[in-house]
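Asker: next input, structure requested:
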Amino acid sequence: MKILLADDDKIERTALRQLIAHHPNLEIVEVENGQAALDVLCDGLRPDLCIFDIRMPEVDGVELLKRMRRDPLLRGLKVVMTSASRDRDTIVTLAKLQIAGYLLKPYDAAKSGAVLQPLLAAAEANPQLASRNLLAKTALVVDGDDSSRAAVTAAVKNEEGWDVVPAKNGREALARLQDGLRPDLVIVDVVM
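Answerer: Predicted structure coming up:
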């Protein structure tokens with residue numbers, strides 16, 4: 001699981017690392033400002049979760065989030081914002097930009113854990129939504145018959161540059177879409 005952590009304060013980054021360090025297979029990419037975060041995202045990093053401080057040099061957290069939400073490749077990334085501010089207008093602005101959570105500094109382990117744990121658990125439970133090859137296209141294959149689904153999956157995988165996410169029924173397919181999957185192609189059996 002990958003996390004992108006952007007904060008210009010090294011001590012705050014260390015505190016956040018300690019809050020999430022107990023998660024297995026965790027890779028944390030740290031940057032010191034919003035521009036550096038944009039750079040690694042534009043270079044292809046697709047983290048399972050982004051944690052951004054609001055006040056950073058070059059590009060602040062709010063502007064970084066606004067730019068991400070305008071970009072079709074980045075708009076679906078889950079973002080948690082951090083700040084010492086309790087300013088209601090700022091929090092409302094962030095909520096409108098669809099943040100996944102807000103951590104108040106200084107970090108309280110219990111309160112911060114309550115925000116981060118469900119997001120980390122969701123990322124672990126949905127590995128198909130984790131970082132993927134941006135050059136590959138994704139097909140969502142929905143079929144209630146295991147052998148038919150396997151045959152269609154094999155046919156799509158035979159084509160170079162395709163990843164397949166299978167689903168056994170419409171409900172499972174909708175759940176994957178609601179969790180953030182954005183396929184390039186959807187193949188659905190009419191009768192399930």
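Asker: all strands of the protein, in order?
Answerer: Remark: strands assigned in the chain by DSSP state E are 2-6, 27-31, 49-53, 79-83, 101-104, 137-142, 162-167, 185-188.
Asker: make TSV out of those strands and add mean pLDDT.
Answerer: Below are these laid out as TSV (pLDDT from 0 to 100):
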stretch	mean pLDDT
strand 2-6	94
strand 27-31	93
strand 49-53	94
strand 79-83	94
strand 101-104	91
strand 137-142	89
strand 162-167	88
strand 185-188	94
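Asker: so which of these comes closest to Leu41?
Answerer: Closest approach to Leu41 among the strands of the chain (C-beta to C-beta): strand 2-6, 7.3 Å. C-betas here are computed from N, CA, C, even on glycine.
Asker: sorry, back to before: mind putting the strands of the chain into TSV with mean neighbour count and distance to Arg13?
Answerer: Below are the strands of the chain laid out as TSV (neighbours: other C-beta atoms under 10 Å; distance: least, C-beta to C-beta, whole Å):
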stretch	mean neighbour count	distance to Arg13
strand 2-6	23	6
strand 27-31	17	6
strand 49-53	25	9
strand 79-83	23	10
strand 101-104	18	13
strand 137-142	20	32
strand 162-167	19	32
strand 185-188	14	39
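Asker: got JSON lines for the ones you listed, with distance to Val40 too?
Answerer: Converted to JSON lines, the strands of the chain look like this (distance: least, C-beta to C-beta, whole Å):
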{"stretch": "strand 2-6", "distance to Val40": "7"}
{"stretch": "strand 27-31", "distance to Val40": "6"}
{"stretch": "strand 49-53", "distance to Val40": "10"}
{"stretch": "strand 79-83", "distance to Val40": "14"}
{"stretch": "strand 101-104", "distance to Val40": "21"}
{"stretch": "strand 137-142", "distance to Val40": "22"}
{"stretch": "strand 162-167", "distance to Val40": "22"}
{"stretch": "strand 185-188", "distance to Val40": "28"}
